[in-house]
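Student: Here is my input, please return the structure:
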Amino acid sequence: MNNPTDPRLGFYSLTVPQASPAELNSIMVRLMLLARRYVMAFVLIHGASFGANCWDELIPHLSAEALAVDLPGRGTRAEVDLGTVTLADCADAVREDVEAKDLRDVVLVGHSFAGVTIPRVLDLIPDRIRHVVLVSAVVPADGSRVLDQIDPGVRGLVEQSIADGVYHQTREGAAAMLCNDMDEATAASTLNRLADDSAALLSEAVNLSGYGRVIPRTYVHLTRDQCYVEELQQRSIALLRPDVIDLDTGHMAMISAPEELAAVLNAIHG
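Tutor: Residues are numbered from 1 along each chain as shown. Okay, here's the model as predicted:
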């Protein structure tokens, strides 16, 4: 106790212990880590024939922390045998990465084939998901196969690309489906990231029960998509009944128009 009759205060004043610089730094670090734990983050799930690096152009334009997940058999999980991968394995990989970082209030973003992974993720960690964003996402009828929801012209190319349980897209086929809105350099960069995928995922029956959860969702409709074409996007939209936002891009919007897609995601993030 100090200066008990200080006229400027009119009551007892106390001497507050002073923290050392090291103690203050430790306190600030703990507060920052605690705050970061509860900041809404983006979790990005890639589609077929790609890994987490397909989001490289987008991430710098996002307004919050972003976690890009590698599904089993590619990127950081390349040691997994593609012939053994199931949709449940894909959802487990997302759950594992989200829980490892203890992310909450997540904006879960899924591109293309991730439309059948996301409902399984919602069943695994519903309390961690704030909003779901589906970017030209494949959503076939519950219990059907992804192959059933592919345009007949594209389906032929897909089936020709399957051998020994592995789906391998050729650069020529991928260029036609994925790069119609790209210049030559951007297309080359995209095609350089092609990865083999599990053929079994295309023929496994999908489980959409997670979409029955009351979690807000938005569908980003890509108006120049030559892979998941207009009719099929509209079928997915009809099944999900989400909010819909149009982007005038091809299938790989995160590469061909990263700033435009980021603006949509940042607006949802708030």
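
Student: List the buried residues in the one helix or strand residue 239 maps to.
Tutor: Using DSSP states H and E, residue 239 falls within helix 230-240. Neighbour counts over helix 230-240 (16 or more other C-beta atoms under 10 Å) mark 232, 233, 235, 236, 237, 239, 240 as buried. (Each C-beta comes from the backbone N, C-alpha and C, glycine too.)

Student: With distance to residue 115 added, can I get those residues in JSON lines?
Tutor: Below are these laid out as JSON lines (distance: C-beta to C-beta, whole Å):
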{"residue": "232", "distance to residue 115": "11"}
{"residue": "233", "distance to residue 115": "10"}
{"residue": "235", "distance to residue 115": "11"}
{"residue": "236", "distance to residue 115": "7"}
{"residue": "237", "distance to residue 115": "11"}
{"residue": "239", "distance to residue 115": "10"}
{"residue": "240", "distance to residue 115": "9"}
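
Student: Of the residues you listed, just say which sits nearest to residue 103.
Tutor: Nearest to residue 103 among the buried residues of helix 230-240 is residue 240, at 23.4 Å by C-beta to C-beta.

Student: which residues touch that closest one?
Tutor: 134, 139, 211, 217, 219 (C-beta atoms under 8 Å, 6 or more residues apart in numbering).

Student: do you know how far the closest residue to residue 140 other than its chain neighbours is from residue 101?
Tutor: With sequence-adjacent residues excluded and distances taken as C-beta to C-beta, 6 or more residues apart in numbering, residue 140 is closest to residue 149, at 3.5 Å. Here the criterion is C-beta to C-beta, to the nearest Å. By it, residue 149 lies 32 Å from residue 101.

Student: so where's this protein uncertain?
Tutor: 1-19, 21-39, 151, 153-154, 160, 163 (pLDDT under 70).

Student: related to what we said a few turns ago, any idea how far the residue nearest to residue 140 is from residue 127?
Tutor: From residue 149 to residue 127 the distance is 29 Å (C-beta to C-beta).

Student: list the contacts for the residue positioned nearest the centre of the chain?
Tutor: Against the mean C-alpha coordinate of the chain, by C-alpha atoms, centre = their mean, the closest residue is residue 44 at 1.9 Å. By C-beta under 8 Å, 6+ apart, residue 44 lies in contact with 52, 55, 58, 59, 66, 67, 68, 69, 109, 111.

Student: okay if I get the residues you listed as TSV plus secondary structure?
Tutor: Shown next, in TSV, are the contacts of residue 44 (DSSP: H, G, I helix; E, B strand; the rest coil):
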residue	secondary structure
52	helix
55	helix
58	coil
59	helix
66	strand
67	strand
68	strand
69	strand
109	strand
111	strand
